[in-house]
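Engineer: Output the structure for:
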Amino acid sequence: MDRNVRVRFFTVHQVRDNGVNFSDALRRIDAIPELADRELEVEPEVILRMERMEERRGLISGEFVRRQTENLPPRASEGEPLAQLGVDSIGHCTAFAYDPALSVIALQMARNGVTPIRVMVYVAQLLHIGGYQSQPIPTAEGWDKLQRGSLRALVVRVANPANLHAVNQRQRSVKEGLAAMKTAAGTTYVEAAFSMGRGQPDITERGHGLLRWFFGEQGRGRGDISKLKAHVAPDDGGSAEWLNLLDYHMGGNAVLDLPQDDPNANYRERVRYVRRVFADHRDELQRMNERAAE
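Structural biologist: The predicted structure is shown next:
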């Protein structure tokens, strides 16, 4: 397991006349005694379950597991040829912490782990209730820089544009264009730049909308977006700079001393860190929550 633990924050919203708040939904799943009964195939060959849950000091924390049953790696023993792994599945673990008062979840983001959109689908479909949506929470610093200047260009790199969720005509047009370029070139990903020529008007108004859309899709794990940059000219006349907006998703990173062969001890270290990241950002999250309620 990767010792570099990356945590990101997301708001959680109820949709489609959902009368069950997210915290109660988590408690319902935790009350299911058999782990097998907690499992759900949210996508073909993507099986999720909530492994464990606990409540302390206003936070609900625990662990989601993605159980991989296909394309398993071989076993490589010292001095022996490669052999079958010997088990029918392996687990990719994702620690989380959820604050019911703020409707915010801190989620460990790991390669092959559990994405926020899959968590929302899993909880709703397992319990046969209305849906939930997640929205990544940007840092104030990054988006303040974006708002204080004129947007001259934006660059995005997308591996799976067909998986982007477009809700208006502008987004649909961009999605279709990116998908067409990727198909025509037969590449692993497509990288596109949106800009105006020198001396031409900036793209601030429409560009901000596209940036927020791409940022949201990347945070939800859709499209496999690996680059999102904005070229911003400050209003005070300073030099334009490139902002890497994927660095402005609120959260934390740390390299932890994780036990490699003890799932329980490993979990305790990861969830302790996720809760600490939540504590470090609680005041800022509370201020954002209060501003949103005004």
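
Engineer: Quick check: residue 161 touching residue 190?
Structural biologist: Yes: using CB atoms under 8 Å, residue 161 is in contact with residue 190, at 6.5 Å. Every C-beta, even on glycine, is put in place using the N, C-alpha and C of the backbone.

Engineer: Contacts only, for the residue nearest to residue 223 when sequence neighbours are not counted.
Structural biologist: Of all residues not flanking residue 223 in the chain, residue 164 sits nearest, at 4.4 Å (CB to CB, 6 or more residues apart in numbering). For residue 164, the contact set (CB atoms under 8 Å, 6 or more residues apart in numbering) comprises 158, 171, 175, 178, 217, 222-223.

Engineer: CA-only coordinates of the lowest-mean-pLDDT helix or strand in the chain, as CSV, when you get a sec.
Structural biologist: Ranked by mean pLDDT, DSSP states H and E, the weakest helix or strand in the chain is helix 140-147, scoring a mean of 78. The C-alpha trace of helix 140-147 is given here as CSV (Å, rounded to 0.1, in the frame of the first residue of the first chain):
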residue,chain,number,x,y,z
ALA,A,140,-9.8,30.0,-0.8
GLU,A,141,-6.3,31.0,-1.9
GLY,A,142,-6.3,29.4,-5.3
TRP,A,143,-9.7,30.6,-6.4
ASP,A,144,-9.1,34.1,-5.0
LYS,A,145,-6.1,34.3,-7.3
LEU,A,146,-8.3,33.3,-10.2
GLN,A,147,-11.0,35.8,-9.3
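
Engineer: Now do the next helix or strand after that helix: which elements does it pack against?
Structural biologist: Following helix 140-147 in sequence order, the next helix or strand is strand 149-158 (DSSP states H and E). Under the contact criterion of 3 or more CB pairs under 8 Å, 6 or more residues apart in numbering; DSSP states H and E, strand 149-158 touches helix 169-185, strand 190-195, helix 204-219, strand 225-234.

Engineer: Same list, those, but as CSV with mean pLDDT and distance to residue 8 please.
Structural biologist: Formatted as CSV, the helices and strands packed on strand 149-158 follow (pLDDT from 0 to 100; distance: least, CB to CB, whole Å):
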stretch, mean pLDDT, distance to residue 8
helix 169-185, 94, 22
strand 190-195, 90, 23
helix 204-219, 87, 7
strand 225-234, 88, 14
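
Engineer: you'd agree residue 81 is in a strand?
Structural biologist: No: counting by DSSP: H, G, I helix; E, B strand; the rest coil, residue 81 is not part of a strand but coil.

Engineer: For the residue nearest to residue 223, give its distance to residue 260.
Structural biologist: 37 Å (CB to CB, to the nearest Å).

Engineer: Select from the contacts of residue 164 the one having the most neighbours.
Structural biologist: residue 158 (28 neighbours; other CB atoms under 10 Å).

Engineer: quick one: it and residue 218 touch, right?
Structural biologist: No: with contact defined as CB under 8 Å, residue 158 does not count as touching residue 218 (9.0 Å).

Engineer: so for stretch 92-109, what's the average pLDDT?
Structural biologist: Stretch 92-109 shows a mean pLDDT of 94.

Engineer: What residues sit buried inside it?
Structural biologist: 92-100, 102-109 (16 or more other CB atoms under 10 Å).

Engineer: Just the C-alpha atoms of that stretch, please, in PDB.
Structural biologist: This file holds the C-alpha atoms of stretch 92-109, laid out as PDB (Å, rounded to 0.1, in the frame of the first residue of the first chain):
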ATOM      1  CA  HIS A  92      -8.200  -1.300  -2.000                       C
ATOM      2  CA  CYS A  93      -8.900   0.600   1.200                       C
ATOM      3  CA  THR A  94     -10.100   4.200   1.600                       C
ATOM      4  CA  ALA A  95     -10.300   5.900   5.000                       C
ATOM      5  CA  PHE A  96     -12.900   8.600   5.500                       C
ATOM      6  CA  ALA A  97     -14.300  11.100   8.100                       C
ATOM      7  CA  TYR A  98     -17.700  12.800   7.800                       C
ATOM      8  CA  ASP A  99     -19.000  15.700   9.700                       C
ATOM      9  CA  PRO A 100     -22.900  15.700   9.800                       C
ATOM     10  CA  ALA A 101     -23.100  19.300  11.000                       C
ATOM     11  CA  LEU A 102     -21.100  20.600   8.000                       C
ATOM     12  CA  SER A 103     -22.200  17.900   5.500                       C
ATOM     13  CA  VAL A 104     -18.500  17.500   4.500                       C
ATOM     14  CA  ILE A 105     -16.600  14.300   4.000                       C
ATOM     15  CA  ALA A 106     -12.800  13.900   4.000                       C
ATOM     16  CA  LEU A 107     -11.800  11.100   1.800                       C
ATOM     17  CA  GLN A 108      -8.500   9.300   1.300                       C
ATOM     18  CA  MET A 109      -7.700   9.500  -2.400                       C
END
